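Asker: give the three-dimensional model of this entry:
(2 chains)
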Amino acid sequence: MNNQRRNVLKSGSGAALLSVLAAAGIITPGVALADWNKAAFEAKSMADTLKALGATTPADSKDVQLTAPDIAENGAVVPIGVASTLPNITMVAIMIEKNPSTLAATFTLPAGTEPNIQTRVKMGQTSNVFAVVKSDGKFFMTSKEIKVTMGGCGG
Amino acid sequence: MATNPMKIRAANKDGVTEVKVLISHEMETGQRKDASGATIPAWFITDLTAKHNDKVVLTSEFGTSISKNPFLAFRFKGGAKGDKVSVSWKDNKGETRSDEAAIA
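Answerer: Numbers count the residues shown, from 1 in each chain, chains lettered A, B, ... in the order given. Below is the predicted model of the structure:
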């Protein structure tokens, strides 16, 4: 059982990740593949989010680049770019530490898709933003503090 | 909102295709309240898949932290002028939308 789980981890696709979660009983099998990773998106802290993604203690790496403004005047639209020179990247995740839901998005990259992604996120307040990538089955991350002068979660 | 088409631009340069997608969606977080103080229910895209012809080039899961009218840019190797790039998404209400564009 344990060996199998190691293999599943090594094979490294998003589906494999989900099946690990299923094996761990976090997501019931059957719906796991079709379903959104609820546990990860509802996690309230960095540690819980990483755990739900199966990424235990990613190493800080200079080879992960997080492109974002130092100061975001409008927290509703903060451009974030993640790029990396690490080999065989299969997964990219963007996390915002102080948002109500830490995980902003995950991207699963099949072979041939470059680890270079840009999107826009909302930020409720000044926070550290983390970019996590999975390269050759290992997790690496980088972070940057973005100051928000006007929050994006309104109301 | 879900009826508005996505704007998809795909361009190939030196063997790498860059795809930019602008989706029309509220991306409501479920945190906000309306004028009468009632919580506005969450309504956001959860899953997104991009394909080059029939090959999946990106799958993504979004949370509520993604901005309203989400923007996404990514690159994949290969792709020729005229090839089809399609993007489809699903939101937490079960609505889906799929659009496609040709690589320029």
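Asker: now for B:Thr46: which residues touch it?
Answerer: Residues in contact with B:Thr46 (Cβ atoms under 8 Å, 6 or more residues apart in numbering or on different chains) are A:Trp36, B:Glu61, B:Phe62, B:Lys90, B:Asp91, B:Asn92. For the C-beta atoms, the positions are set from N, CA and C on the backbone; glycine is no exception.
Asker: right, I mislabeled it, should have said B:Lys51
Answerer: B:Val57, B:Lys84, B:Val85, B:Ser86, B:Val87.
Asker: let me see the mean pLDDT of the strand ranked longest in chain A.
Answerer: Longest strand of chain A, by residue count under DSSP state E: strand A:138-148. Mean pLDDT, strand A:138-148: 94.
Asker: each with direction, which strands does it pair with?
Answerer: Using DSSP bridges, strand A:138-148 pairs in its sheet with strand A:59-60 (parallel), strand A:71-72 (parallel), strand A:127-135 (antiparallel).
Asker: so which residue is dead centre in chain A?
Answerer: Central residue of chain A (Cα atoms, centre = their mean): A:Ala93, 2.2 Å from the mean position.
Asker: so that one makes contact with A:Thr102?
Answerer: No - contact criterion Cβ atoms under 8 Å: A:Ala93 and A:Thr102 do not qualify, at 10.0 Å.
Asker: so which helix or strand takes in the residue lying farthest from the centre of chain B?
Answerer: Among the C-alpha atoms of chain B, the one farthest from their average position, using Cα atoms, centre = their mean, is that of B:Ser36, at 31.7 Å. Element membership of B:Ser36, judged by DSSP states H and E, is empty: it is in no helix or strand.
Asker: partners of B:Lys77 in the sheet?
Answerer: B:Lys77 forms beta bridges with B:Val16, as assigned by DSSP bridges.
Asker: what's the neighbour count on it?
Answerer: B:Lys77 has 13 neighbouring residues, counting by other Cβ atoms under 10 Å in any protein chain shown.
Asker: which stretches of chain A form helices?
Answerer: A:2-11, A:14-23, A:38-42, A:46-52 (DSSP state H).
Asker: report all helices and strands that the last one contacts.
Answerer: Judged by 3 or more Cβ pairs under 8 Å, 6 or more residues apart in numbering or on different chains; DSSP states H and E, the packing partners of helix A:46-52 are helix A:38-42.
Asker: interface residues of chain B facing chain A?
Answerer: Residues of chain B lying near chain A by Cβ under 8 Å from any Cβ of the partner chain: B:16, B:27, B:29, B:31-34, B:40, B:46-47, B:55-68, B:70-78, B:92.
Asker: low-confidence ranges in chain A?
Answerer: Applying pLDDT under 70 to chain A picks out residues A:1-35, A:150-155.
Asker: show me which residues of it are close to chain B?
Answerer: So far as Cβ under 8 Å from any Cβ goes, chain A lies against chain B at A:14, A:36-37, A:41, A:76-79, A:94, A:96, A:99-101, A:103-110, A:112-114, A:116-123, A:152-155.
Asker: switch the cut-off to 6 Å
Answerer: Listed as neighbours of chain B in chain A under the rule Cβ under 6 Å from any Cβ of the partner chain: A:36-37, A:41, A:77, A:96, A:99-101, A:103-108, A:110, A:112-114, A:116-122, A:153-155.
Asker: looking at the residues you listed, which are in strands?
Answerer: A:96, A:103-108, A:113-114, A:116-121.
Asker: just the buried subset of the residues you listed, please.
Answerer: A:96, A:103-108, A:113-114, A:116-121 (16 or more other Cβ atoms under 10 Å in any protein chain shown).
Asker: which among the contacts of B:Lys51 count as buried?
Answerer: Looks like these have B:Val57, B:Val85, B:Ser86, B:Val87 buried, using 16+ other Cβ under 10 Å.
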